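Enquirer: For reference, the sequence and a predicted model appear below.
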Amino acid sequence: MSVSTPTASPHGHVGKCPVTVTFSAKVRLKVRGKATVAYRWLRGDGSRSAVKTRTVKGRGVKTVTVAEKATFTKSVKGWQALQLLSPRKVTTKKAYFEVSCRRPVKPAPGRPGPGKPGHGKIPAFVKAFVHVPDYTGVCPRRAASRPRA
């Protein structure tokens, strides 16, 4: 038996709320006739879902997708993990997610908005911090910076 690490979809949301996030994971197991998978979802806030079951019928290796949906009305960061209770107890790694509820930005008075003439001409600024390890050695010369003879 194996269990995939859950995924959160969307794992990052910025925009209007409420928003629904779907958590899902795949359980792969050998089945000889009939098998029952019992599971629950563990959450970053300390709560957990009710125990749920899925019955799988047939022969051979089968894959079952289990899922849970959660709707958020305000900004939140968190995680969920799947805990299998049977046929064997297993807890997966965490699926992290973030919801940022924001209202649409209205253009400032006197500035053009989306779809209006002049929109997109306001320069965008980005601030980034980059760590570059110390370099020792000769700096290569670019062909364009060499003086011509």
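Expert: Happy to help now that I have it.
Enquirer: CA only for contacts and neighbour counts going forward, please
Expert: Will do.
Enquirer: okay but Ser100 is in contact with His11, surely?
Expert: No: counting by Cα atoms under 8 Å, Ser100 sits too far from His11 to count as a contact (11.0 Å).
Enquirer: Kindly list the single helix or strand of the protein that scores lowest on mean pLDDT.
Expert: Sorted by mean pLDDT, DSSP states H and E, the helices and strands of the chain end with strand 2-3, the least confident at a mean of 90.
Enquirer: So which residues make contact with it?
Expert: Strand 2-3 is contacted by residues Ala25, Lys26, Val27, Arg28, Leu29, Thr92 when judged by Cα atoms under 8 Å, 6 or more residues apart in numbering.
Enquirer: Is Ser100 bridged to anything, and to what?
Expert: Ser100 has these beta-bridge partners by DSSP bridges: Val14.
Enquirer: list the contacts for it?
Expert: With Cα under 8 Å, 6+ apart, Ser100 has these contacts: Gly12, His13, Val14, Gly15, Lys74, Ser75, Val76.
Enquirer: okay, it: pLDDT?
Expert: Looking at Ser100, its pLDDT reads 94.
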